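Asks: output the structure for:
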Amino acid sequence: MRDDYGRDIRYLRLSVTDRCNCRCVYCMPENGVPMLSHADILSFEEMRDIVAAAASLGVRKVRLTGGEPLVRRGIVDLVGMVASVPGIDEVDMTTNATLLAPIAGDLRAAGLTRLNVSLDTLDAARYEAITRRGSLADALAGLEAARVAGFTNTKINCVLVGGVNDDELRPLAELARDRDLTVRFIELMRMGECAGWPKGRFVSADGVLSAVPELAPVGGQGVSELYHAPGWKGNVGLIRPMTHRFCGSCDRIRVTADGRLKPCLHSATEVNLRGLVGQELVDAMRAGIAAKPRGHRMDDGRASDSLRAMNEIGG
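Replies: Reported below is the predicted structural model:
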């Protein structure tokens, strides 16, 4: 289905939980995080129905997000349910990978296509400081388990935070030297926990090209600009929502764990899908797509208009 600006909406990001086993500094407060009650979170059957409605409107790719999707009990079963929906060609997941190692093979067997792994540093102490609960060793073990399970073209998502990890650009990029990975550097956005952070925390992803001058552009992949260095197995991607906004080609919608469709990550607009079935559900989803704005308004340093924290949306 095309929205009012001619964008073909083919990608659904579905948050399966607002809970997470980490507390990344740019995403959630360390303590006192309000969480949805279990009764307010979509059941697997409701999620399957939402995916089916989206597929009927032309969505072909689903990404399962959180929070952290691997804390959702029965996640392997959910992957199988989503993968079996007619019309869905690809089921991906974004995860911090700290819980991935024991079930990577099961997820692959259930129909999970591809993984995006959040990894902002290669320094163990810094990893603990950023995530406030996580273990770098566990994340790297999950990444290796994914490789052994047969996942290919795994993407590493690295959020750039000035004064925190912008001194690791080359070491992080070099994860793609000998591995079939795409390391993607993502500009920090003014929303949620970091909406009021000082300007120096928000740095351009252009610094990656200075840190790794041998990178050359090789085209794009969704919202990511892809680069490759001679002799490297993988690629490096830049996702620049602040300095090179890509709203004009955005092909995605989001559904929160409590069943609200967000046409845009940075918009306060939400359309309720919970409790709807059949044509009512399809019509509500169509209305949500029609409400997708032309673009966000953060070019001038404004914070996002979204009323939700990142753990509620899944990024």
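Asks: would you mark the buried spots in stretch 147-156?
Replies: Buried residues in stretch 147-156, counting neighbours by 16 or more other C-beta atoms under 10 Å, are found at 149, 151, 154-156. For glycine as for every other residue, the C-beta is placed from the backbone atoms N, C-alpha and C.
Asks: meant to ask about stretch 170-186, not that
Replies: Across stretch 170-186, burial judged by 16+ other C-beta under 10 Å covers 172-176, 179, 181-186.
Asks: before we move on, what about stretch 240-258?
Replies: If you call a residue buried by 16+ other C-beta under 10 Å, then stretch 240-258 has these buried ones: 240-242, 247, 250-258.
Asks: just the closest of the buried residues of stretch 147-156 to residue 96, please.
Replies: residue 156 (11.3 Å; C-beta to C-beta).
Asks: who touches whichever strand or helix holds that closest one?
Replies: Assigned by DSSP states H and E, residue 156 belongs to strand 154-160. Applying C-beta atoms under 8 Å, 6 or more residues apart in numbering, the contact partners of strand 154-160 are 26, 94, 114-120, 143, 146-147, 165-166, 172, 175-176, 180-188, 203, 205, 207, 237.
Asks: now intersect the buried residues of stretch 170-186 with the strands, please.
Replies: Of the buried residues of stretch 170-186, the ones assigned to strands by DSSP state E are 181-186.
Asks: quick one: low-confidence parts of the stretch 151-300 of the chain?
Replies: The stretch 151-300 of the chain contains residues with pLDDT under 70 at 244-246, 248, 295-300.
Asks: and for residue 64, the neighbour number?
Replies: For residue 64, the neighbour count with other C-beta atoms under 10 Å is 27.
Asks: so who does it touch?
Replies: By C-beta under 8 Å, 6+ apart, the neighbours of residue 64 are 14, 16, 75, 78-79, 82, 91-94.
Asks: save the residues you listed as a markdown table, and put in neighbour count too.
Replies: A markdown table is the format used below for those (neighbours: other C-beta atoms under 10 Å):
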| residue | neighbour count |
| --- | --- |
| 14 | 23 |
| 16 | 27 |
| 75 | 25 |
| 78 | 22 |
| 79 | 25 |
| 82 | 25 |
| 91 | 25 |
| 92 | 17 |
| 93 | 24 |
| 94 | 21 |
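Asks: now those in TSV, with distance to residue 226?
Replies: Shown next, in TSV, are the contacts of residue 64 (distance: C-beta to C-beta, whole Å):
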residue	distance to residue 226
14	25
16	28
75	29
78	30
79	27
82	27
91	22
92	17
93	21
94	18
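Asks: re the thing from before, looking at the ones in strands among the buried residues of stretch 170-186, which one is closest to residue 39?
Replies: residue 186 (33.4 Å).
Asks: beta partners for that closest one?
Replies: residue 159, residue 239 (DSSP bridges).
Asks: contacts only, for it.
Replies: Applying C-beta under 8 Å, 6+ apart to residue 186 gives the contacts 157-160, 205, 239, 241.
Asks: pull out the buried members of the residues you listed.
Replies: Neighbour-count burial (16+ other C-beta under 10 Å) applied to the contacts of residue 186 gives 157-160, 205, 239, 241.
Asks: farthest pair in the residues you listed?
Replies: Between any two of those, the greatest separation by C-beta to C-beta is 14.3 Å, found for 158 and 241.
Asks: before we move on, back to that, the strand holding residue 156 vs strand 181-187, what angle?
Replies: 20 degrees (axes from the mean of the first three to the mean of the last three C-alpha atoms, to 10 degrees).
Asks: show me where the stretch 1-150 of the chain has strands.
Replies: Along the stretch 1-150 of the chain, counting by DSSP state E, counting those that start in this stretch, strands occupy 11-15, 61-65, 90-95, 114-118.
Asks: direction included, what does the first one pair against?
Replies: Using DSSP bridges, the strands paired with strand 11-15 in its sheet are strand 61-65 (parallel), strand 252-255 (parallel).
Asks: can you list contacts of it?
Replies: With C-beta under 8 Å, 6+ apart, strand 11-15 has contacts from 47, 50-51, 54, 59-67, 82, 222, 251-257, 312-315.
Asks: give me the mean pLDDT for it.
Replies: The pLDDT scores in strand 11-15 average 97.
Asks: between the strands of the stretch 1-150 of the chain, which gets nearest to residue 275?
Replies: Minimum separation from residue 275 across the strands of the stretch 1-150 of the chain (C-beta to C-beta) falls at strand 11-15, 17.0 Å.
Asks: now residue 91: how far from residue 82?
Replies: Distance of residue 91 to residue 82, computed by C-beta to C-beta, to the nearest Å: 5 Å.
Asks: overlap of the contact sets of these two?
Replies: Common neighbours of residue 91 and residue 82, using C-beta under 8 Å, 6+ apart, are 62, 64, 111.
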